[in-house]
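**Student:** Sequence and predicted model, in that order:
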Amino acid sequence: MTRVIVHAGYHKTGTTSLQDFMAANRTALAPHFAYYGKADFRGAGADARIYAQRPYPWRLARFRLSLRRFLAAIPEDDLIVLSRETFSGGMPGHRRLGGALMTSYFGPALKLARVIIAELRRRFGRDVEIVFFYTTRAREDWIRSAHGHLLRSIRLTDDYDTFRTRFPALASPAEEARRMRGALAPVPVVTAALEDWRDHREGPAGALLDLAGIPTDLRAGLTPAGRANAGQSRDLRAAFLDLNRQDMPKAELRARKAALVAEGPS
């Protein structure tokens, strides 16, 4: 019987660190499970994100088809790990088509999860064992990280205090995961807090290795986790905010942000 662990998010909770660790140790871990990350199913990952921004039924159907094609192309294994934060949709702070602010994962994430479950059962049979795994992060630290990410990735013109007031009742990733646990039952939902794993040799990937039952002796020889997407300095965030508030073409804005990142810390 096949078992599948679906690491479905959330953004800014150590997901890139986890994915980099898994990619770096893919060969060593291959005897124990088959790992597939964002580079392996870019189509399905992008379709999930787009559905969250444009939540039309045909967009969800496109995600279903992309995922079905991916699953059809991979072999059966005893244990499979899928990791893609866009399987929960889009990061709060982005805007949906029409301009509405995205303030929760839950609606799109639940519909995407149900499609994932249905397609895994279609591919591997009704007896496939599915576990959803979510990395989480303390609310205020997470919102601040999301603000920094959005300053860099889009033309966000809010300073942090203004941005924060737009989310007076924003659920933390842990709260989002609790809602998913209730909605997806009896499919189990497992969580791991970034704060508990940030300084671990394996980073948040350690929680996933625990879930997968990887033996300690093998883990001692794995390449340690690096810290990815650690965020920008206060000065760099201020520079991004200043650029975002200027009237310039999108291509120029992107290039000037990239130049600032390339310069590194002063």
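**Tutor:** Received it, and whenever you're ready, just let me know what you need. Numbering: from 1, shown residues only.
**Student:** From now on I want contacts and neighbour counts done on CA atoms only, so please keep to that.
**Tutor:** Noted.
**Student:** mind listing the strands for the stretch 51-200 of the chain?
**Tutor:** Remark: strands assigned in the stretch 51-200 of the chain by DSSP state E, counting those that start in this stretch are 79-83, 129-136, 189-193.
**Student:** Mind checking those strands for the one nearest to Phe33?
**Tutor:** strand 79-83 (4.8 Å; C-alpha to C-alpha).
**Student:** Next, the angle from that closest one to strand 129-136.
**Tutor:** In terms of direction (axes from the mean of the first three to the mean of the last three C-alpha atoms, to 10 degrees), strand 79-83 departs from strand 129-136 by 30 degrees.
**Student:** Return strand 79-83 as PDB; C-alpha atoms alone will do.
**Tutor:** This file holds the C-alpha atoms of strand 79-83, laid out as PDB (Å, rounded to 0.1, in the frame of the first residue of the first chain):
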ATOM      1  CA  LEU A  79       6.300   6.200   0.500                       C
ATOM      2  CA  ILE A  80       6.000   9.400  -1.600                       C
ATOM      3  CA  VAL A  81       6.500  13.000  -0.400                       C
ATOM      4  CA  LEU A  82       5.100  16.000  -2.200                       C
ATOM      5  CA  SER A  83       6.100  19.400  -1.200                       C
END
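**Student:** and that strand, what does it pack onto?
**Tutor:** strand 3-7, strand 34-36 (3 or more C-alpha pairs under 8 Å, 6 or more residues apart in numbering; DSSP states H and E).
**Student:** Could you identify which of the strands of the stretch 51-200 of the chain is most buried?
**Tutor:** Greatest average neighbour count among the strands of the stretch 51-200 of the chain goes to strand 129-136 (a mean of 23), per mean count of other C-alpha atoms under 10 Å.
**Student:** Show me what that strand pairs with in its sheet, parallel or antiparallel.
**Tutor:** Paired neighbours of strand 129-136 in the sheet (DSSP bridges): strand 3-7 (parallel), strand 189-193 (parallel).
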